[in-house]
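Undergrad: I need the structure of the sequence given here:
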Amino acid sequence: MVKKIEPIGLDRDGYTFIVAKDGTIYYTGELTRHLSLMWRTACKMEDIAWGGILNDRGDWVRRSYDFGDAPTLEIRNSVISAIQEEIYA
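TA: Numbers count the residues shown, from 1 in each chain. Alright, predicted model coming up:
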């Protein structure tokens, strides 16, 4: 499940996302700290598995400094694809 969190910041040059341990993907259309995004969800730190940053085209930039990266490249790519489908739907 992919859930969009409305942006509140001014840096709209990319996307920040986190993935909960239950598989829910939360993303926002801004560059922000992953912890800041988490605080806008119902998740707690122990609920988050990993996260990342995408550029304004939806391409991978880097992992989350707060929560790390996906356990495999295949999982990372499937999450990126799911977010891209939402962005460009």
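Undergrad: just the pLDDT at R12, thanks.
TA: For R12, the pLDDT comes out at 81.
Undergrad: in three-state terms, label I83 for me.
TA: Secondary structure assignment for I83 (DSSP: H, G, I helix; E, B strand; the rest coil): helix.
Undergrad: tell me the spacing between the nearest residue to it once chain neighbours are set aside and G52.
TA: Distances taken as Cβ to Cβ, 6 or more residues apart in numbering place Y27 nearest to I83, at 5.3 Å, with adjacent residues excluded. Every C-beta, even on glycine, is put in place using the N, C-alpha and C of the backbone. With distances taken as Cβ to Cβ, to the nearest Å, Y27 is found 9 Å from G52.
Undergrad: next one: S78
TA: S78 is 12 Å from G52, where distance means Cβ to Cβ.
Undergrad: can you check W60 too?
TA: Counting by Cβ to Cβ - W60 and G52 are separated by 7 Å.
Undergrad: what do those two both touch?
TA: Common contact partners of W60 and G52 (Cβ atoms under 8 Å, 6 or more residues apart in numbering): 76, 80.
Undergrad: the more surrounded of these two?
TA: Neighbour count, other Cβ atoms under 10 Å: between W60 and G52, G52 has more, with 24 against 13.
Undergrad: backbone phi and psi for D69, please?
TA: Here is the backbone geometry of D69 (degrees, to the nearest 10): phi -120, psi 170.
Undergrad: contacting residues for it?
TA: Residues in contact with D69 (Cβ under 8 Å, 6+ apart) are 50, 52, 63, 76.
Undergrad: any idea which element the spatially most central residue of the chain lies in?
TA: By Cα atoms, centre = their mean, the chain has its centre lying nearest to F17, at 0.8 Å. Taking DSSP states H and E as the criterion, F17 maps to strand 14-20.
Undergrad: and that strand, how far from the chain's centre?
TA: On the basis of Cα atoms, centre = their mean, to the nearest Å, strand 14-20 sits 1 Å off its chain's mean C-alpha point.
Undergrad: tell me the strands beside that strand, with direction?
TA: Based on DSSP bridges, the pairing partners of strand 14-20 within the sheet are strand 25-28 (antiparallel), strand 48-55 (antiparallel).
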